[in-house]
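Visitor: Build me a model:
(chains A and B)
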Number of protein chains: 2
Amino acid sequence: MPLFFKISHLFLLLFVSTLSSSSSPFGYNHPLDSLTLSELTQVKTIVKKSYLLINVTFHYVGLNEPEKPLVLSWISINHPTKNPPREAIVITRIDQKTHEIIVDLSSDSILSDKIYDGHGYPMLTSQEQNVAEKLPFTYQPFISSIEKRGLRLKEVVCQSSTVGWYGEKRKSNRMIKLICYYLDGTVNLYMRPIEGITIVVGLDQMKIASYLDRLMVPVPKADGTDYIEPKPRARSNLQLDGKRIMQPDGPTFTLDGNTVRWADWKFHVDYDMRAGIIISLASIFDDDKGEFRSVLYRGFISEVFVPYMDLSEDWYDRTFFDAGEFGFGLSAVELQASKGCPENAKFLGYSIYQDGTPGKMPNVICIFERYAGDIMWRHTELAIPGEVIAKVKPAVSLVVRMVSTVGNYDYITDYEFKQSGSIKVTVGLTGMLEVRGSMYTHNDHITEEAYGTLVAENTLGAYHDHFLTFHLDLYVDGHENSFVKNNLKTSRVINKSSPRKRYWTVVSETAKTESDARIQLGSGALEMVAVNPNKKTNLGNKIGYYLIPGSATGPLLSDDDYPQIRGGFTKYNVWVTPYNKSEKWAGGLYTDQSHGDDTLAMWSLM
Amino acid sequence: MPLFFKISHLFLLLFVSTLSSSSSPFGYNHPLDSLTLSELTQVKTIVKKSYLLINVTFHYVGLNEPEKPLVLSWISINHPTKNPPREAIVITRIDQKTHEIIVDLSSDSILSDKIYDGHGYPMLTSQEQNVAEKLPFTYQPFISSIEKRGLRLKEVVCQSSTVGWYGEKRKSNRMIKLICYYLDGTVNLYMRPIEGITIVVGLDQMKIASYLDRLMVPVPKADGTDYIEPKPRARSNLQLDGKRIMQPDGPTFTLDGNTVRWADWKFHVDYDMRAGIIISLASIFDDDKGEFRSVLYRGFISEVFVPYMDLSEDWYDRTFFDAGEFGFGLSAVELQASKGCPENAKFLGYSIYQDGTPGKMPNVICIFERYAGDIMWRHTELAIPGEVIAKVKPAVSLVVRMVSTVGNYDYITDYEFKQSGSIKVTVGLTGMLEVRGSMYTHNDHITEEAYGTLVAENTLGAYHDHFLTFHLDLYVDGHENSFVKNNLKTSRVINKSSPRKRYWTVVSETAKTESDARIQLGSGALEMVAVNPNKKTNLGNKIGYYLIPGSATGPLLSDDDYPQIRGGFTKYNVWVTPYNKSEKWAGGLYTDQSHGDDTLAMWSLM
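Guide: Okay, the predicted model is just below:
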């Protein structure tokens, strides 16, 4: 899981002490609150008024958040009278052009309206995907293809697939491909792909732009593909329903607008169509200092790159950017107690621009306290004569969760706030494997490259990666932070001053350039710390916050491979860049059909 | 965390189908059960009878388990009439010599009694440590040293520290050093080391063999060192007691002797003085086949190597082997509900040879079902017209836990059995940091190598590693297993057959030699699988069990450094060796003061 996080050297430290109360005079609670339903409606009205009688599709509508110094200044004042500007960023398609519109909500006006003419297109809307996915069912060549295969049209469903970029020099039209599946006895459509048919839809015309029925491949059988709970087994005596998390006194966290307080933590939780969960202004209370100390200004999923490694005709272009193309927030599914979130969870709904119109999306995020029987800290002391001391502090944490279902795949994003002061970010990958229909029914028949593993008769599980990239804008104990590498360096013992020959020690190195801070994990013994260079402890130690990676990986493609040019940000596991509000999306703002000229790797050129 | 696991190519497959009932005619339930209290007493009587009027100290008493084929044969028979031999392995010190005695419990006799005269000594007993730690209090030079420092003797406690080996050619006597601490206002003795005094105890004579008061260093203050629960903070509104795990119908696992059955899992759980938890014969029920399928024959912690990197006079020799020197089982502490194990845990006690005599150790291991709000599998399907399908399977697992407190450090060992079929092994490190008393009170004063971080006034937290090595003897779907590396290999696209330039595919390689199977994690994109080469799925795929590492590290010392010679098994994260019952302990059977000639690295020479 690559990470990138952004650190600023530009602004004055403004310490976070208190948050505004919920009785705000401004109609919304907090300058980082996402747009309310009435604000989304206001945006729609303002934009539509500018383009009377012209069709406008809204691909992204989100908060154009105030610059960081304004936000930090606002929250540092107990009862602010003046508010940071309240703006929306709106990405639309109007008359086959991409418009980037900034709307000022206070003055009810458009601040700017720029046509974007570079490579790449905005996120797909769910509405246009739905319309496109119906096109084949009235398209005679497709109907014939289905008949030719002996399949029944009413059991067929089609799904949108982005087309990427494979070196074409000129700007392509905005398009998607459709991948069709056969139900007929299962709800697990992904296990029954109908291979050999290439359907390209021109999205601006909303028409099938090209169609090719290339070859017939057996559709895998429906048997055993349905995802039904296994029957309880007498042998296992398993009674999961006997297990319950009880919190008779209710949750111990509070919500004040979108600001959560739990244990020593305080943070703002919000939702964005593209990023999904956004955690802002996370701070932890320091008992000794009697104040909150800041950690994370803003953290969210920046991109999810999923290149498949199947080079066959209908598969080579499956190199998805699940956040930039489909929207990690737009793909969020409704959560339920005991079904994806535990019994003690609370659910948050948000306003969102979906299916062409503003609306409410319920139960998008759940928050719950977790106790898994784990230990935060313990010690047993037997060394003191006549005394046995056993102290244990159980590990209780707070989890903020969202699930994004992008086609076959379900991503479970958890931000876990621990009492130890750490924030653990996990993305669980579940759902369905993407499989290719195949003539093979036995492994021994496979004599050439199959790009996957035979997982059932006529079913190849395709090799692929998932690269999750986070944007983490840390502001540890204030705004000015540096990135420090603590290198574990082996030193030789000199002058036989010890019976040992070598030892390791820590050599700290503050990154001076962005290139100093690019890290491929595993290439050396290293600790990574975001440090506030303006502060020291009483002992004179640096004050910092560790970035502790889990197991990490890197891309196996070459730098000049087209998917890897678009996903160039995966080359390093960690990148550090100066604060720049517009540099949010590691794969670029316009990821769909992008050429890789607006990625993190380009912003941070050596 | 290095892992090593052992795979056999030698024996016939004997499939695990049923276990013996608890009504065994043999007095114990299972050939892998650890020795009962009456068996330990029997061992003591037999050995003492051989050495009348001679002092015998028991350093290790454990089951000399039958060879694997005998065990597998026994459990494959429904009602066995003949039992594998029941033997104990006893390591004693008698007349300043190490004896390795095999006792046959059925015939009430000694099968063999060998004197071990090589390098290294057996595990320390808790009894001899306790006696040694009292010696300074009647030793005048020590009393003077304490007085000279202005400290009160009755507030001093001493702890045993092993001495390692630093290149001496001749065999050293059996000895330990003592490290002394000052209480006086805290129970957290480890934060108040009394530096500058070297006390060497000859263990055979149980006398202070050498004593040196080298220099005076300030003892760190007691203020703030006590480990008291922080007071509840009004601000956090945290009510941990409001949270409870309820299992009104009781646990859903069953215990039949030491055999646990839970969900589809079946395994034997036991305790060893040296290894701590031993998991044996773990199998999972396969619904389709209607039978249990074997996974793990025997798994346990083989060694815990903890080299410190402080080369100062009283510290250079702190290179501990926490399992081989102190006993991971012997160091187990008593667990309590809600204090280290959750409310729904069940506790197991075991018989152990402790303080010179057999006895019962209660609440050594706890077993509990875990539900942390996690998801085992989920999918939401929106593609089917008119239907929304949301399926979620919550992740419930079974945890087997032990805590070993070795001096300042507490290790929490968890074996977690998941319904997905995986076993997750975690060791949590908690307790106290080992610190060095220092003249430094501010980081700016440190101008030369301090071998650590100033964590409080006069207190340096010493740099060190913890290398945990597991012995995992897998028998996936039967006894004959191979080790397969699935290498992710980048291939070039030829003949412009695809718009892509490269892709990765999987190239499987079966390790043919032990050297093929030595792995430094991070050195390549790789999956590791234990495969049964005699079996295939219906599709013709290999049947295997993945070894999935977490984040891993390696040693930074050189191969010729003495601690690294003793800990040579840390050089690779994974080693695979053929089955050999005697090759259990990665650091050698006699680890204390070892010279590294009996380590995993030596058994598995290239």
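Visitor: beta partners of residue A:284?
Guide: Legend: beta-bridge partners of residue A:284 under DSSP bridges are residue A:265, residue A:293.
Visitor: Any idea how many residues pack against it?
Guide: By the criterion of other C-beta atoms under 10 Å in any protein chain shown, residue A:284 has 21 neighbours. In short, each C-beta sits where N, CA and C put it, glycine included.
Visitor: Relative to chain B, how far out is it?
Guide: Applying C-beta to the nearest C-beta, to the nearest Å, the value for residue A:284 to chain B is 10 Å.
Visitor: That residue reaches residue A:421, doesn't it?
Guide: Yes. Counting by C-beta atoms under 8 Å, residue A:284 touches residue A:421, with 5.5 Å between them.
Visitor: list the residues that contact both of these two?
Guide: Common neighbours of residue A:284 and residue A:421 (criterion: C-beta atoms under 8 Å, 6 or more residues apart in numbering or on different chains): A:264, A:295.
Visitor: Not counting sequence-adjacent ones, nearest residue to residue A:475?
Guide: residue A:297 (4.4 Å; C-beta to C-beta, 6 or more residues apart in numbering or on different chains).
Visitor: Now do the same contact list for that neighbour.
Guide: Contacts of residue A:297 (C-beta under 8 Å, 6+ apart): A:68, A:280, A:281, A:473, A:474, A:475, A:479.
Visitor: before we move on, what about residue A:216?
Guide: Here residue A:216 is in contact with A:148, A:149, A:196 (criterion: C-beta under 8 Å, 6+ apart).
Visitor: before we move on, what about residue A:88?
Guide: Counted by C-beta under 8 Å, 6+ apart, residue A:88 has contacts A:35, A:39, A:43, A:61, A:62, A:63, A:64, A:102, A:103, A:105.
Visitor: Which of those residues fall within strands?
Guide: Among those, the ones falling in strands (DSSP state E) are A:61, A:62, A:63, A:102, A:103.
Visitor: Compute the number of surrounding residues for the second one.
Guide: Right, residue A:62. Neighbours around residue A:62, by other C-beta under 10 Å: 22.
Visitor: Please verify my assumption that it contacts residue A:89.
Guide: Yes. Assessed by C-beta under 8 Å, residue A:62 is found in contact with residue A:89 at 5.6 Å.
Visitor: Validate this expectation: residue A:141 resides in a helix.
Guide: Yes. Per DSSP: H, G, I helix; E, B strand; the rest coil, residue A:141 lies within a helix segment.
Visitor: In contact with it, which residues?
Guide: With C-beta under 8 Å, 6+ apart, residue A:141 has these contacts: A:211, A:213.
Visitor: do the same with residue A:100
Guide: Neighbouring residues of residue A:100 by C-beta under 8 Å, 6+ apart: A:89, A:90, A:91, A:112, A:113, A:114, A:115, A:116.
Visitor: hmm, try it at 6 Å
Guide: A:91, A:114, A:116 (C-beta atoms under 6 Å, 6 or more residues apart in numbering or on different chains).
Visitor: Quick check: beta-bridge partners of residue A:280?
Guide: Beta-bridge partners of residue A:280, counted by DSSP bridges, are residue A:268, residue A:298.
Visitor: Tell me if I'm right that it and residue A:268 touch.
Guide: Yes. At 4.1 Å, residue A:280 and residue A:268 qualify as touching, with contact defined as C-beta atoms under 6 Å.
Visitor: shared neighbours of these two, anything?
Guide: The contact sets of residue A:280 and residue A:268 overlap at residue A:32 (C-beta under 6 Å, 6+ apart).
Visitor: any weak-confidence spans in the stretch 451-600 of chain A?
Guide: Along the stretch 451-600 of chain A, no part satisfies pLDDT under 70.
Visitor: Helices of chain A, residue ranges please.
Guide: Under the criterion DSSP state H, chain A carries helices at the ranges A:37-50, A:68-76, A:126-134, A:140-148, A:562-566, A:600-603.
Visitor: Next, the buried residues of the first one.
Guide: I take that to be helix A:37-50. Residues of helix A:37-50 classed as buried by neighbour count (16 or more other C-beta atoms under 10 Å in any protein chain shown): A:39, A:40, A:41, A:42, A:43, A:44, A:46, A:47.
Visitor: Give me the distance between the nearest residue to the fifth one once chain neighbours are set aside and residue A:34.
Guide: The reference is to residue A:43. Once flanking residues are discounted, residue A:43 sits nearest to residue A:88: 4.8 Å by C-beta to C-beta, 6+ apart. Taking C-beta to C-beta, to the nearest Å as the measure, residue A:88 falls 10 Å from residue A:34.
Visitor: returning to that earlier point: which members of the contacts of residue A:216 additionally contact chain B?
Guide: For chain B, no contacts are drawn from these by C-beta under 6 Å from any C-beta of the partner chain.
Visitor: out of those, who's nearest chain B?
Guide: Nearest to chain B, judged by C-beta to the nearest C-beta, of the contacts of residue A:216 is residue A:196 at 16.7 Å.
Visitor: tally of neighbours for that closest one?
Guide: Residue A:196: 17 neighbours (other C-beta under 10 Å).
Visitor: again, but for the one 4 residues further on
Guide: By other C-beta under 10 Å, 16 other residues sit near residue A:200.
Visitor: again with residue A:180
Guide: As a burial measure, residue A:180 scores 22 neighbours (other C-beta under 10 Å).
Visitor: Check residue A:481 too.
Guide: Using other C-beta under 10 Å, residue A:481 has 30 neighbouring residues.
Visitor: can you list the residues of the stretch 51-200 of chain A near chain B?
Guide: With C-beta under 6 Å from any C-beta as the criterion, the stretch 51-200 of chain A meets chain B at residues A:157, A:159, A:166, A:187.
Visitor: Ok, the stretch 351-500 of chain A next?
Guide: Contact residues, the stretch 351-500 of chain A versus chain B (C-beta under 6 Å from any C-beta): A:368, A:370-373, A:375, A:377-380, A:383, A:389, A:391-392, A:396, A:405, A:410, A:412, A:430-431, A:442-444, A:454, A:488, A:490, A:498-500.
Visitor: Strands - which of those land there?
Guide: A:368, A:370-373, A:375, A:377-380, A:389, A:391-392, A:396, A:405, A:410, A:412, A:430-431, A:454, A:488, A:490.
Visitor: Sort out which of the residues you listed are buried, if you could.
Guide: A:368, A:370-373, A:375, A:377-380, A:391-392, A:396, A:405, A:410, A:412, A:430-431, A:454, A:488.
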